[in-house]
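>>> Here is the input, now give the coordinates:
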Amino acid sequence: MKNDRDIKPRRMVAIVGRPNVGKSTLFNRLIGRRQSIVHPERGVTRDRLIGQATWGDQAFAVMDTGGVINIDRGTLEDSIEAGVRRQVDAGIRESAVVLVVVDVTTGLVPLDEEVIQLVRGCGRPVMIVANKADTAEWERQAVEFERFGYPVMAVSAQHGLGMDIVLDRVVPLLPKEDPVTVAGEIRVAVVGRPNVGKSSYINRLLHSDRVLVSPVPGTTRDSVEIPFVLGTGENARRYRLMDTAGLRHQTKVDSAVERFSQYRAEHSIESADVVMLVLDAEQGPTAQDKKIASIIQEHRKGCVLLVNKWDLIKTGRREYEEALHRALPFMTYCPVVFVSAKTGEHVRQSLDTMDQVAIQINRKLTTSSINQTLEHAVNKVSPPSVSGRRLKLFYGTQTGQAPIRIQIFVNNRRLVQPAYREYLVKAFRAAFHLEGAPVILVFKSRREDES
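From the prediction side, this is the model:
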């Protein structure tokens, strides 16, 4: 992929360490919110998570990596554990400062030494964060880790103790921040059932091993945020891709970790500007796909339907798209892109489609064009009558973006029937080419005659 589509270098602090030493707790403490899953189960954080942090007037990024596990590289090269190690290696290379987290309550263990060996020679400043030092006694135990020759800071991430010391020492080591010249960031959530190819699609899109990919369903547990820039100079647009945990049927969510992952995935949809719903071309739309689509519609998000694994299908696109619209009739306004994350087919096109939907949801429509469209729609299909009273539409005006919201003044809003509302939505979408953009119509009585 061309350089202008690559992730731009940023000020980054990498958090590394063996499993369950409190890396995610430290990450959440530094960014000031619960983005990373915190749970005593070993290996909960599998992907690299990136969050934004500030200290004084300084802004920087923090990366939470998967726990380093002692593995046999020769026999487990394609395992999740091997993927985690590759993620940590890549995370260290991308960051300006590396924080190695250890647990003072367990003391130094062989795996801590393996982590230290992993960061030696990385060419970055390295500091050891001795976590879980909740008392003065535990704080004194941190001296054990000074043998490695790196600065040691005793903290309690859970209780917020020592965070000021960490930040005071880390921030001055970060490179100077480049001036930001591009517009506001557009958040894009990549969602779908487990194992439909969300992470593979993102990896192909960004041409990097940024997100851990495995044939095991449920590999991505956290919502992984990936910033990148599309275009250059004045035309540059900033995006943040969110690779979410696969949304499962509620009865199949069988652990506290998975329940919180479900919450994070749904929260990603809620906080996104555009949602890319990934479907499995071989399986076709399932009941769970429909559930996810309904969540997207409920939150009124711009949406692109990505039919992945298209290289395995012999059916024509038009025939497949018609069947898709029959299965998801409430998503017919969404553009459909047939892709193959494996071969790269139409992945570039999906990025362009995503970009167009992002533009459409932020359109500003003139009042005159809105009312011309309204007049044309009324002349084509007259408003229905209810109990002998006919709905009259006076004028409309745009009151919001992302989603597009149009307020229409009528004689009596109670006379608006669902079918006519949907007809007007389609009329506006067709007139302004709002493909992929939800349109909300709000009817308001111009005078009080609703009794």
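>>> The most centrally placed residue in the chain and Phe443, how far apart?
What sits nearest the mean C-alpha location of the chain, by C-alpha atoms, centre = their mean, is Met242, with 1.8 Å. Going from Met242 to Phe443 by C-beta to C-beta, to the nearest Å gives 34 Å. Where you see a C-beta, it was placed from the backbone N, CA and C, and this is true even at glycine.
>>> Can you show me the helices along the stretch 51-200 of the chain?
Applying DSSP state H, counting those that start in this stretch to the stretch 51-200 of the chain gives helices spanning 80-94, 110-119, 136-141, 163-170, 198-206.
>>> quick one: strands adjacent to the strand or helix carrying Lys444?
Assigned by DSSP states H and E, Lys444 belongs to strand 439-445. Paired strands of strand 439-445, with direction, are strand 404-410 (parallel) (DSSP bridges).
>>> can you give me the strands for the stretch 151-300 of the chain?
Under the criterion DSSP state E, counting those that start in this stretch, strands of the stretch 151-300 of the chain are mapped to 152-154, 186-191, 224-230, 237-243, 274-280.
>>> Mean pLDDT lowest where, among the ones you listed?
Mean pLDDT values for the strands of the stretch 151-300 of the chain show the minimum at strand 224-230, a mean of 72.
>>> out of everything not next to it in sequence, what's closest to Ser340?
Among residues not flanking Ser340 along the chain, Asp311 sits closest, at 4.0 Å (C-beta to C-beta, 6 or more residues apart in numbering).
>>> give me every residue that touches that neighbour.
Ser340, Lys342, Thr343, Glu345 (C-beta atoms under 8 Å, 6 or more residues apart in numbering).
>>> Against Asp164, how distant is the last one?
Using C-beta to C-beta, one obtains 51 Å as the distance from Glu345 to Asp164.
>>> between these two, who's got more neighbours?
Between Glu345 and Asp164, Glu345 has the larger neighbour count (other C-beta atoms under 10 Å), namely 16 against 11.
>>> can you give me the helices in the stretch 201-350 of the chain?
Going by DSSP H, counting those that start in this stretch, the stretch 201-350 of the chain shows helices at 256-271, 287-298, 317-327, 347-361.
>>> swap in the stretch 351-451 of the chain?
Using DSSP H, counting those that start in this stretch, helices in the stretch 351-451 of the chain cover 367-380, 418-432.
>>> Same list (the ones you listed) but as JSON lines, adding distance to Ala358 and mean pLDDT.
Putting these into JSON lines (distance: least, C-beta to C-beta, whole Å; pLDDT from 0 to 100) gives the following:
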{"stretch": "helix 367-380", "distance to Ala358": "21", "mean pLDDT": "97"}
{"stretch": "helix 418-432", "distance to Ala358": "15", "mean pLDDT": "96"}
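>>> where does the chain dip in pLDDT?
Residue ranges of the chain with pLDDT under 70: 1-10, 33-48, 66-88, 90-91, 177-183, 208-224, 230-232, 243-265, 447-451.
>>> just to revisit the earlier point, just name the most buried of the helices of the stretch 51-200 of the chain.
Each of the helices of the stretch 51-200 of the chain was scored by mean neighbour count; the highest is helix 198-206, a mean of 23, by mean count of other C-beta atoms under 10 Å.
>>> by how many degrees do that one and strand 237-243 diverge?
Counting by axes from the mean of the first three to the mean of the last three C-alpha atoms, to 10 degrees, helix 198-206 points 150 degrees away from the direction of strand 237-243.
>>> Check which helices and strands helix 198-206 sits against.
With contacts defined as 3 or more C-beta pairs under 8 Å, 6 or more residues apart in numbering; DSSP states H and E, the packing partners of helix 198-206 are strand 186-191, strand 224-230, strand 237-243, strand 274-280, strand 302-308, helix 347-361.
>>> okay, the ones you listed in CSV with distance to Phe432 next?
Below are those laid out as CSV (distance: least, C-beta to C-beta, whole Å):
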stretch, distance to Phe432
strand 186-191, 19
strand 224-230, 23
strand 237-243, 21
strand 274-280, 17
strand 302-308, 14
helix 347-361, 8
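>>> Of these, which is nearest Phe330?
Taking C-beta to C-beta, strand 302-308 is the member of the helices and strands packed on helix 198-206 nearest to Phe330, at 10.7 Å.
>>> Quick one: residues in contact with that closest one.
For strand 302-308, contacts defined as C-beta under 8 Å, 6+ apart pick out 196-197, 200-201, 273-281, 296, 320, 324, 328, 331, 334-341, 350, 353-354, 357-358, 360-361, 402-403, 436-438.
>>> which ones are touching Lys301?
Lys301 touches Ala189, Ile269, Ala272, Asp273, Val274, Val275, Pro403, Pro438, counting by C-beta under 8 Å, 6+ apart.
>>> From what I see, the fourth one and Asp355 are in contact.
Pointing back at Asp273 there. No. With contact defined as C-beta atoms under 8 Å, Asp273 does not count as touching Asp355 (11.4 Å).
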